[in-house]
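**Q** what's the 3D shape of this:
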Amino acid sequence: MSVAAVQTGARGAQALPERSSVGLVAVIVAATKGEPRALTIRVPDQAPGRVDGLPAGPLVPEHATLERGLRAWVERQTHQRLGYVEQLYTFGDRDRSGTAEKSGVHSLSVAYLALVREERPAGLAEAAWQNWYRYLPYEDFRQGRPRQLDAIEARLAAWAAEPEDCAVRTRRLDRLGLTFGMNGGTWNEERVLERYELLFEAGLIPEARGNPGPALPNDPTGVPMAFDHRRVLATAIGRLRGKIKYRPVVFELMPPEFTLLQLQRTVEALSGTQLHKQNFRRLVAQQGLVEETESVTSGAAGRPARLVRFRREVLLERPAPGLRLPSRRLG
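**A** Reported below is the predicted structural model:
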C-alpha cells in the first residue's frame, strides 16, 4: 500500500515515510467455561509449515479508517463480528515479515483488543479459538507455580551469567527480578510483555531465531506464532490484566446473568491466579459490582446457585470500579 493512501484514506493515521506499510492485527478475547481464549488463524508461507497467528491484514485504500479495515479483515478471515474494540499498541519495526533487507520497507502494525462471547469461527482462513496459555504457559499460576518456569529460569540464569562485565551481569539479574520475580523479586502479572521480550532478547524462543516454524515438543516457552503475533498477544494479556483492576471490563466477557463462581473463574483465567473464594466474594460485594436476580441455576449437581448480573450504576458512582488482585512473591 502507498503512503499516500495511508495519509488520505485512513483517518487517524500519521504521515509515514515512503516505502512504508501499515498492518492491522486483532487480539480477540473470550472467556469460555473458565478458560481464556484467543481467536487465531493458520498462517501460510511459514516454512516448514503453517503456524498459528492472529487475524490480520494490510490497510488498503478502500478502508476508510484503521478500525474499519480491522473489522473487514476479521470478518473476512473468521466471520466474527466485533463490537467494541480499543487500540492496543502500534508496533514499528523494519518489515515484520522478515524481508526488510530485500524490500527496504518499514512496517507499522496497529494492534487492537476486542472482547467478545465465543462463537464458532469460520471464514477464508483456518480460524480456531485457542487457550491463550497455549502460547504463554508460564503465565498460568491457577494450579500453582507453572512447571515450565523451572526450565525457563535455569536458562535465564545462565544467560544472565554470560557477560564478563560485572555491571552487565548485575543489570541482567535485576531484570530477572523485575520480570520473572527471581532472586526474591515480585511477580507482577501485568508484566507479560516484559517477560516475553526478555525471553526474546535471551534467544530462548523460536521467534528470536527468525522464522518460528512449528512448535517444538515440550518447549517451556509455549507454541510460537507467526511474525510478532505472540508479542502482540502478550501485550494484550498484560493490558487486560491491568484493566480488570480499575475497570469492570470482565463483565463484557460474561453472559447477562451468571454465578459468582463463574465470575471468579473468569477473573482467575484472565489474571492467571487462583483466588480465595470468600475473599473474592467479599471484594465483589465491597465494590458493589453485581446485584442478585430472581433466578437460580438449574440442571446441575449440588445446590442451586443464585444468578447475579453486572450493576451498571457502579460506573456512575466512582471512577475506577474494578477487582484488585494480590501480588505474588517468588523465591
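**Q** for the longest strand along the chain, the distance to its chain's centre please.
**A** Ranked by number of residues, the top strand in the chain under DSSP state E is strand 20-32. Distance of strand 20-32 from the chain centroid (CA atoms, centre = their mean, to the nearest Å) equals 10 Å.
**Q** mind listing the helices in this protein by residue range?
**A** Counting by DSSP state H, one finds helices in the chain at the ranges 3-9, 66-78, 100-103, 148-161, 166-180, 192-201, 229-243, 260-271, 277-287, 314-317.
**Q** So for the fifth one, what gets flagged as buried?
**A** Within helix 166-180, the residues that count as buried by 16 or more other CB atoms under 10 Å are 172-173, 175-176, 178-180. Yep, even glycine has a C-beta here, placed from its N, CA and C like the rest.
**Q** With the last one instead?
**A** Applying a neighbour-count criterion of 16+ other CB under 10 Å, the buried positions in helix 314-317 are residue 314.
**Q** now that helix: mean pLDDT?
**A** Along helix 314-317, the predicted local confidence has a mean pLDDT of 86.
**Q** Pretty sure residue 231 is one of the things residue 27 touches, is it not?
**A** No. Using CB atoms under 8 Å as the test, residue 27 is too far from residue 231 to be in contact (10.9 Å).
**Q** And those two? Which one has more around it.
**A** A direct count of neighbours by other CB atoms under 10 Å for residue 27 and residue 231 places residue 27 higher, at 27 against 22.
**Q** what's near enough to touch the more buried one?
**A** With CB atoms under 8 Å, 6 or more residues apart in numbering as the criterion, the residues that contact residue 27 are 38, 54, 88, 111-114, 232-233, 235-236.
**Q** And for residue 297?
**A** Residue 297 makes contacts with 259, 304-305, 307, as judged by CB under 8 Å, 6+ apart.
**Q** Of the residues you listed, which is the nearest to residue 193?
**A** The shortest distance between residue 193 and any of these, using CB to CB, involves residue 259 and amounts to 32.5 Å.
**Q** How about that closest one, nearest residue that isn't a chain neighbour?
**A** residue 305 (4.4 Å; CB to CB, 6 or more residues apart in numbering).
**Q** So what does that neighbour have for phi and psi?
**A** With angles defined as degrees, to the nearest 10, residue 305 shows backbone torsions of phi -110, psi 140.
**Q** show me the contacts for it.
**A** Under the criterion of CB under 8 Å, 6+ apart, the contact partners of residue 305 comprise 259-261, 296-297.
**Q** So, low pLDDT: which residues of the stretch 151-300 of the chain?
**A** Within the stretch 151-300 of the chain, the segments meeting pLDDT under 70 span 211-214, 299-300.
**Q** Residue 189 versus residue 230, what's the distance?
**A** Counting by CB to CB, to the nearest Å, the gap from residue 230 to residue 189 is 17 Å.
**Q** Of these two, give the one with the bigger neighbour count.
**A** In terms of neighbours (other CB under 10 Å), residue 230 is the more surrounded of residue 230 and residue 189; the figures are 27 against 20.
**Q** Thought residue 195 was touching that one, still the case?
**A** No. With contacts defined as CB under 8 Å, residue 230 does not count as touching residue 195, sitting 11.5 Å away.
**Q** If you count neighbours, what's buried in stretch 80-88?
**A** The neighbour-count criterion (16+ other CB under 10 Å) identifies 80, 82, 85, 88 as the buried residues of stretch 80-88.
**Q** what's in contact with it?
**A** Residues outside stretch 80-88 that contact it (CB under 8 Å, 6+ apart) are 26-28, 39, 55, 66-67, 70-71, 74-75, 110-116, 119, 121, 123, 127, 232, 235-236, 239, 252.
**Q** of these, buried ones?
**A** Buried by 16+ other CB under 10 Å: 26-28, 39, 55, 66-67, 70-71, 74, 110-116, 121, 123, 127, 232, 235-236, 239, 252, out of the contacts of stretch 80-88.
**Q** would you put the C-alpha positions of stretch 293-300 in PDB?
**A** Below are the C-alpha coordinates for stretch 293-300, written out as PDB (Å, rounded to 0.1, in the frame of the first residue of the first chain):
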ATOM      1  CA  THR A 293     -31.500 -11.600  40.200                       C
ATOM      2  CA  GLU A 294     -34.600 -13.700  40.900                       C
ATOM      3  CA  SER A 295     -33.100 -16.700  39.100                       C
ATOM      4  CA  VAL A 296     -31.000 -19.600  40.200                       C
ATOM      5  CA  THR A 297     -29.100 -22.300  38.300                       C
ATOM      6  CA  SER A 298     -30.800 -25.500  37.400                       C
ATOM      7  CA  GLY A 299     -29.900 -28.800  36.000                       C
ATOM      8  CA  ALA A 300     -26.500 -29.100  37.700                       C
END
